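A.B. asks: I need the structure of the sequence given here:
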Amino acid sequence: MRREGAARARGLRTDYCGELGPEDVGRTVSVCGWVSRRREHGEHLAFVDLRDHTGIIQCVVDGGHDIRAEHVIKVTGELRLRPEGTVNEAIPTGEVEVGASEVEILSVAEPPPFSVDGRIAAEEQVRLRYRYVDLRRERMQANLRLRAQVNAAIRRSMERQGFVEIETPLLWTPTPEGAREFAIPSRLQPGSFYVLPQSPQIAKQLLMLSGFDRYYQIARCMRDEDLRADRQFEFTQLDLEASFVRQEDLWEVVSDSVLEVARSVTGKEPPPVETMTWSEALERFGTDKPDLRFKMELVRLEEAVAGTGFKAFQAEAVRALCLKGGAELGRGRLDALTDRAKKLGAAGLVWLRVLRQSDGLALESPVAKFLSDKEKAAVVAATGAEEGDLLLVVAGERARSCRVLGQLRLDLAQPAVSEPPYRFCWITEFPLFEGLDDDGNPVAAHHPFTMPHPDDLDRLESDPLSVRSQSYDLVLNGWELGSGSIRIHRADIQRRIFSVLGISEQEAESRFGFLLGAFRYGAPPHGGFAYGIDRLAALMAGEESIREVIAFPKTQSGADLMAESPRALPERQLEELGLRLLPRPEAKSPG
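C.D. replies: Model (predicted):
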């Protein structure tokens, strides 16, 4: 139980509560912490369960002490074995207890707003209002300490690989990264504003031009976007950039860091990071964020139903999922799946039960009569279906059909997740552009400094939407951890990209002048990556929301219930900043 390593200054205590065991019996110890529970033992004695972040130890104290739940106390006494028959096997320290000779009440406490031991669940709003109490709970202690392990593992990996930690400014200038930014008024220059950085993207590229060829930072970033389970206004990411590298070099660097994290948290060797292209991920899993912990891949049926007379299957794409054992699903559940597919954008959903008849496997479905025996056999063969399985088929435009089945795959297969718990995957060769804007110009899928795939450069102007990029995402268990790219370092390619995007030379100079100016003084080939530490820590902790691994998060409405922010500023402070508030628009009367 006792922590190994160099002796530490323990302050008022000689030991932590959860570190004591039979090997310490006979020693006089001092332990400090919060009172978890008090139980009377006869007329003059009481059992006090004392808690710190390492665990709980039972202390036998004089019943005259006015000790209540969440009082902070120090107990000094001899550690002894518990009497026979009273051992508590539910806790690591259950064989021993402290026979208190001295009790000091360090701080008294009012009854907490909810149970710290977690026996009674509290609403999240209450937990966030009293976050300092919530953080005492064992689960939250474990989560934030796990997050510290994650940070330490990242730093070990980065330093082992020769990266230099450099801090970049929090007061910055507007950037072209797409998300809404937080603006900070300047008191010294009234009417001018800083912004809080969405990421250190431009700063780290400037560091590459400055000769720091391997940079990293555990960076705080801010984006004024709507909040959800995996998004907060403030977030933390591993941010890195390297010069004279290929994509594969960066994948190796980042893979080393996340595998080091997984080893640190689990104590086991994780499986290697897999790699697949964006197109392959869409075809096999219906998403560019595939969860690889279960199989159930999408199957192409175009060849199996080629020339079919069934109009629903006369489409660009016909894709299927095979749900093992799914033939037992009732009509109500099948109708619900059909409604779900339609809400996701499909024209409809075809389901086929795979049953055994005297002459072999057969398909049972309202549409089975529209398929020939040859087509039915081809569908069964293509999907590898067996007796008792259920086939779900979506036909239509390729990307939409794949994405609909990809979501149904997650809806149906999540409970069947298997080991190993962490499956990392690189997704590569994303499209350089994600569509057209209202003026018909392509829209950059990543940012305008992403290097195109060298094999596609000749189509940059003639067929821009077919051009692949040298960008890549890292995915873990269906969550996108982060993204990165090889950057454009050549002025001629950068000018072509700006032209395709509809950005004039004057606009480019206005928006990105200081970066473009720096490029004129010698830019090395470089690329980088950033992944969300909040998301990684949440997945490692088995949590579904990043709020559970952040000390003081905001609610979905952006409020800090504990600090009661945001709040209005005093008029005097607004005057110093040169700000005047507009009146709030009046609510429209009904009707």
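A.B. asks: neighbours of the residue nearest to Val195 when sequence neighbours are not counted, how many?
C.D. replies: In space, and not counting its chain neighbours, Val195 is closest to Glu181: 4.2 Å by Cβ to Cβ, 6 or more residues apart in numbering. Yep, even glycine has a C-beta here, placed from its N, CA and C like the rest. Neighbours of Glu181 under the rule other Cβ atoms under 10 Å: 20.
A.B. asks: now Glu181: which helix or strand?
C.D. replies: Assigned by DSSP states H and E, Glu181 belongs to neither a helix nor a strand.
A.B. asks: now for it: which residues touch it?
C.D. replies: By Cβ atoms under 8 Å, 6 or more residues apart in numbering, Glu181 lies in contact with Pro174, Thr175, Val195, Leu196, Gln198, Met222, Arg223, Asp224.
A.B. asks: among the residues you listed, find the lowest-pLDDT one for me.
C.D. replies: Among those, Thr175 has the lowest pLDDT, at 70.
A.B. asks: isn't that residue right next to Pro197, touching?
C.D. replies: Yes. At 7.1 Å, Thr175 counts as touching Pro197 under the criterion of Cβ atoms under 8 Å.
A.B. asks: quick one, phi/psi of the residue nearest to Val195?
C.D. replies: phi -110, psi 150 (degrees, to the nearest 10).
A.B. asks: and the strands in the stretch 151-300 of the chain?
C.D. replies: For the stretch 151-300 of the chain, the strands defined by DSSP state E, counting those that start in this stretch occupy 164-165, 183-185, 193-195, 214-222, 234-243, 274-277, 299-300.
A.B. asks: now for the second one, which elements pack on it?
C.D. replies: Applying 3 or more Cβ pairs under 8 Å, 6 or more residues apart in numbering; DSSP states H and E, we find strand 183-185 packed against strand 193-195.
A.B. asks: can you tell me which of the contacts of Glu181 has the most neighbours?
C.D. replies: These, ranked by neighbours (other Cβ under 10 Å): first place Gln198, 22 neighbours.
A.B. asks: quick one, what contacts that residue?
C.D. replies: Thr175, Glu177, Ala179, Glu181, Cys221, Met222, Arg223 are the contacts of Gln198 under Cβ under 8 Å, 6+ apart.
A.B. asks: check the gap between it and Cys221 for me.
C.D. replies: 6 Å (Cβ to Cβ, to the nearest Å).
A.B. asks: what's the closest non-adjacent residue to Lys342?
C.D. replies: Among residues not flanking Lys342 along the chain, Gly348 sits closest, at 6.6 Å (Cβ to Cβ, 6+ apart).
A.B. asks: go ahead and list the helix or strand containing the one you found.
C.D. replies: Per DSSP H and E, there is no helix or strand for Gly348.
A.B. asks: report pLDDT for it.
C.D. replies: At Gly348, the model reports a pLDDT of 94.
A.B. asks: correct me if wrong: it contacts Leu337.
C.D. replies: No. Gly348 is not in contact with Leu337 according to Cβ under 8 Å; the separation is 10.9 Å.
A.B. asks: the more surrounded of these two?
C.D. replies: Leu337 (20 against 13).
A.B. asks: and that one, that one's in a strand?
C.D. replies: No. Assessed with DSSP: H, G, I helix; E, B strand; the rest coil, Leu337 is helix; it does not lie in a strand.
A.B. asks: show me what contacts the nearest residue to it once chain neighbours are set aside?
C.D. replies: Using Cβ to Cβ, 6+ apart and skipping the chain neighbours, the partner closest in space to Leu337 is Leu349 (6.1 Å). Residues near Leu349 by Cβ under 8 Å, 6+ apart: Leu337, Thr338, Ala341, Lys342, Leu392, Val393, Val394.
A.B. asks: tell me which other helices or strands the helix or strand where the fourth one lies touches.
C.D. replies: The one in question is Lys342. Using DSSP H and E, the element containing Lys342 is helix 331-343. Secondary-structure packing of helix 331-343 (3+ Cβ pairs under 8 Å, 6+ apart): strand 350-357, strand 390-396, helix 398-413.
A.B. asks: chain center to the second one, what's the gap?
C.D. replies: So that's strand 390-396. Computed by Cα atoms, centre = their mean, to the nearest Å, the chain-centroid distance of strand 390-396 equals 30 Å.
A.B. asks: parallel or antiparallel, which strands does that strand pair with?
C.D. replies: strand 317-323 (antiparallel), strand 350-357 (antiparallel) (DSSP bridges).
A.B. asks: list the contacts of Tyr216.
C.D. replies: Contacts of Tyr216 by Cβ under 8 Å, 6+ apart are Met158, Phe163, Val164, Glu165, Ile166, Leu238, Asp239, Leu240, Glu241.
A.B. asks: who does it form a beta bridge with?
C.D. replies: Beta-bridge pairing for Tyr216 (DSSP bridges): Glu165, Leu240.
A.B. asks: model confidence for it, exactly?
C.D. replies: 98.
A.B. asks: then Phe514?
C.D. replies: 76.
A.B. asks: count the neighbours of it for me.
C.D. replies: Neighbour tally, Phe514, other Cβ under 10 Å: 11.
A.B. asks: kindly report the same for Gly64.
C.D. replies: Residues contacting Gly64 under the criterion other Cβ under 10 Å number 10.
A.B. asks: am I right that it is in contact with Glu40?
C.D. replies: No. Contact status for Gly64 versus Glu40: not in contact, 11.6 Å apart, counting by Cβ under 8 Å.
A.B. asks: domain-wise, how is this protein divided?
C.D. replies: 17-107, 294-416, 424-531 (automatic domain parsing).
A.B. asks: any chance of the ones you listed in a markdown table, plus distance to Gly267?
C.D. replies: Formatted as a markdown table, the domains of the chain follow (distance: least, Cβ to Cβ, whole Å):
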| stretch | distance to Gly267 |
| --- | --- |
| domain 17-107 | 17 |
| domain 294-416 | 24 |
| domain 424-531 | 17 |
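A.B. asks: fine by me, we can end here.
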